[in-house]
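K.L.:
Sequence first, then the predicted structure, then my questions.
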Amino acid sequence: MKILIIEDDSALRDELALLLKNAGYETECVTDFASAVVQMKSSSADLILLDINLPEVNGETLLQDFRRQSSTPVIMLTSRTSELDEVLSMSYGADDFITKPYNPTILLLRISAVLKRSAKTGTSQTYHDAEVSTVKGSLTRGSSEQILTKNEMIIFQLLLDRIGEIVTRDELMTALWDNDEFVNDNALSVNISRLRGKLAELGYPDAIETRKKQGYVLK
């Protein structure tokens with residue numbers, strides 16, 4: 001697996017390259033940021049790590065341009081912590097969003113999770129009469145579109161993969177982090193509530209059923 005690194009901090013770029021090589025990945029680094037989008041499109045990378053704050057160009061603008069021609073997974077790296085930045089990145093087609101300083105183990109887990117999802121969902125999916133785009137992180141029904149956040153997309157994907165079956169809260173929380181670390185239970189409830197709201201706006205008001213003390217079912 002090859003990963004393209006687009007990071008202007010040379011020390012961090014070298015650190016990322018070493019971390020990834022030690023984890024068994026092939027790496028390629030971009031240093032000419034004016035031609036970054038050209039290198040993104042010509043690279044044979046399986047995944048791209050893209051910093052938002054770059055000299056001469058904005059990473060989100062690069063992502064938006066890149067998404068017009070490619071579905072290669074992109075993980076945004078940023079020192080920003082604003083929820084708006086995450087929403088914008090996901091709406092432009094990012095597959096994940098990681099803030100600096102990052103935990104190396106968590107970063108590798110996120111990369112692995114995105115690559116697995118990409119391999120699994122390379123073809124388009126549907127939910128009833130809505131189109132599901134895992135690349136863009138969206139649900140489209142007719143002329144209506146709902147952009148899902150990273151966590152909402154992970155939750156929806158797991159529910160969709162097991163539609164009609166009970167998915168427990170523990171399974172959902174594990175999927176959000178791709179490991180067994182503790183995830184705030186309230187945060188899961190908030191994400192479920194927001195996902196329900198977006199499905200309702202698309203015309204599916206009772207899409208997610210709560211099974212008390214068991215979990216959730218996507219109908």
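P.N.:
That came through, no problem. Numbering: from 1, shown residues only.

K.L.:
Every contact and neighbour count from this point should use C-alpha atoms.
P.N.:
OK.

K.L.:
what are the ranges of the helices in this protein?
P.N.:
Secondary structure of the chain (DSSP state H): helices at 10-22, 36-42, 59-66, 83-91, 104-120, 150-161, 169-177, 185-201.

K.L.:
Same list, those helices, but as a markdown table with mean neighbour count and distance to residue 216 please.
P.N.:
Below are those laid out as a markdown table (neighbours: other Cα atoms under 10 Å; distance: least, Cα to Cα, whole Å):
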| stretch | mean neighbour count | distance to residue 216 |
| --- | --- | --- |
| helix 10-22 | 15 | 36 |
| helix 36-42 | 16 | 39 |
| helix 59-66 | 19 | 34 |
| helix 83-91 | 18 | 24 |
| helix 104-120 | 15 | 21 |
| helix 150-161 | 19 | 8 |
| helix 169-177 | 18 | 8 |
| helix 185-201 | 15 | 9 |
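
K.L.:
per-stretch mean pLDDT over the ones you listed, give me the minimum one.
P.N.:
In terms of average pLDDT, helix 83-91 trails the rest of the helices of the chain, at a mean of 70.

K.L.:
want to throw the helices of the chain into JSON lines with distance to residue 213?
P.N.:
Formatted as JSON lines, the helices of the chain follow (distance: least, Cα to Cα, whole Å):
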{"stretch": "helix 10-22", "distance to residue 213": "40"}
{"stretch": "helix 36-42", "distance to residue 213": "46"}
{"stretch": "helix 59-66", "distance to residue 213": "41"}
{"stretch": "helix 83-91", "distance to residue 213": "31"}
{"stretch": "helix 104-120", "distance to residue 213": "27"}
{"stretch": "helix 150-161", "distance to residue 213": "17"}
{"stretch": "helix 169-177", "distance to residue 213": "9"}
{"stretch": "helix 185-201", "distance to residue 213": "13"}
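
K.L.:
Alright, that wraps it up for me.
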